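K.L.:
A structural model of the following input is requested.
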Amino acid sequence: MTKRILFISSTRVGDAILSTGLLNHLIGENPGARVTIACGPAAASLFEAVPNLERIIVLGKMAFSLHWPMLWALCAWRYWDMLVDLRNSPMYYVLAAGKRWRIGRSQEGVHRVRMLAGVIGLADAPPAPRLWTGAEHLELARRLVPDGPPVLAVGPTANWRAKTWPMARFMELINRLCASGGILPGARVAILGRDDERPMALGLIDAIPENRRIDLVGKLDLLDAYACLERCAFYVGNDSGLMHLAAASGIPTLGLFGPSPEKHYAPWGPLCDVAHTSIPYEEIFPAVFDHRNTGTLMESLSVDKTEEAARSLWRRAEGAKEAPQ
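P.N.:
From the prediction side, this is the model:
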């Protein structure tokens, strides 16, 4: 009899990406199992190419938490061989399931990937995030990021302004990394971000020479962006879902951190690293903080420090290529 997995993932894109290693492990351990994903609207497209996908249930937040009764109504008529609840929802208790797991409370100093893997007892050997694409995503990526000089991918935006490194510093870093003595001399530059983030990124987009610019801001869904990132040589950007997308793609990924905890959300993978503000996370927030209106808190991260982190990561990536397999 065909097994069925109900995987209740996150509302936020970054957390949903970090959960995909756990999902991939379950799929690998249960060949042919039919998979139903429940997640927030922003993350839904991440799962469109999951193997043996039966359904994606999009959980938009509703008044009085009515999205949970809605999910129950859609799922209660079926027996689930495996139920994974990464939202600590009532579904853990009210749906009929064989094996069931749910996430616990956040643990101090434990990376989110390790915490998610711990749900099924794999915290000591956590499976890395993994996304799936279709032929249509790969074809679009080939058109948007055609063969040619290497591509430096940049994610200059974030979901709140306090996490955004100043655009002038991004431009200076791009100039250094793509200069004759940089890690990617003469590289093309791909700028990525959501459509609503375009005004924030426009100054940087316009500053890049047209013959080297690949403007992808607001033009891609998540799997298209992932496929484009796979064709790039290096990624640098603020702490965001896009950063986790780059890390999952396997390219060297440098995340820029300040007012977010890198110990929980640093990009995950052997070719990932962070550059962080000189002011530590625990001390960086002003007395009055509003994530909608407070400006950047990334001023204490210099271009020099970020460039050195990028060069160090690049040397590590080049060394990994030369290491015996």
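
K.L.:
Which residue ranges of the stretch 101-250 of the chain form strands?
P.N.:
Here the stretch 101-250 of the chain has its strands, by DSSP state E, counting those that start in this stretch, at 151-155, 188-191, 213-215, 234-238.

K.L.:
could I get those strands as TSV with mean neighbour count?
P.N.:
(C-beta placed from N, C-alpha, C; glycine too.) Shown next, in TSV, are those (neighbours: other C-beta atoms under 10 Å):
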stretch	mean neighbour count
strand 151-155	27
strand 188-191	24
strand 213-215	19
strand 234-238	26
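
K.L.:
List just the one of those strands that sits closest to Trp314.
P.N.:
Trp314 lies closest, by C-beta to C-beta, to one member of the strands of the stretch 101-250 of the chain: strand 234-238, at 6.6 Å.

K.L.:
show me what contacts the residue nearest to His244 when sequence neighbours are not counted?
P.N.:
Spatial nearest neighbour of His244, excluding adjacent residues (C-beta to C-beta, 6 or more residues apart in numbering): Ile17 at 4.2 Å. For Ile17, the contacting residues are Ala43, Leu46, Pro129, Leu131, Gly241, His244, Leu245, Ala248, by C-beta atoms under 8 Å, 6 or more residues apart in numbering.

K.L.:
Looking at those residues, which one is closest to Glu108?
P.N.:
His244 (20.9 Å).

K.L.:
Outline the domain layout of the chain.
P.N.:
4-118, 137-322 (automatic domain parsing).

K.L.:
between the ones you listed, which one is nearest to Ala125?
P.N.:
Per C-beta to C-beta, nearest to Ala125 of the domains of the chain: domain 4-118, 7.6 Å.

K.L.:
how about the helices in the stretch 201-325 of the chain?
P.N.:
Under the criterion DSSP state H, counting those that start in this stretch, helices of the stretch 201-325 of the chain are mapped to 222-230, 241-249, 262-265, 303-322.

K.L.:
which residues of the protein score low on pLDDT?
P.N.:
324-325 (pLDDT under 70).

K.L.:
about what we covered before: can I get the strands of the stretch 101-250 of the chain in a markdown table with distance to Leu138?
P.N.:
As requested, those are exported to a markdown table (distance: least, C-beta to C-beta, whole Å):
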| stretch | distance to Leu138 |
| --- | --- |
| strand 151-155 | 16 |
| strand 188-191 | 16 |
| strand 213-215 | 16 |
| strand 234-238 | 18 |
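
K.L.:
So which of the ones you listed is nearest Lys3?
P.N.:
For Lys3, the closest of the strands of the stretch 101-250 of the chain is strand 234-238, at 36.3 Å, according to C-beta to C-beta.

K.L.:
what's the closest one packed up against?
P.N.:
strand 151-155, helix 167-177, helix 241-249, strand 253-257, helix 303-322 (3 or more C-beta pairs under 8 Å, 6 or more residues apart in numbering; DSSP states H and E).

K.L.:
Give the stretch among the helices of the stretch 201-325 of the chain with the greatest mean number of neighbours.
P.N.:
helix 241-249 (a mean of 27; mean count of other C-beta atoms under 10 Å).

K.L.:
what's in contact with it?
P.N.:
Counting by C-beta under 8 Å, 6+ apart, helix 241-249 makes contact with 12-14, 16-18, 20, 42, 128-131, 153, 155, 157, 159, 192-193, 222, 225-226, 229-230, 232, 235, 237, 253, 255, 265, 267-269, 272, all of which sit outside it.

K.L.:
cutoff 6 Å now
P.N.:
For helix 241-249, contacts defined as C-beta atoms under 6 Å, 6 or more residues apart in numbering pick out 13-14, 17, 129, 131, 155, 192, 225-226, 229-230, 235, 237, 253, 255, 267-269, 272.
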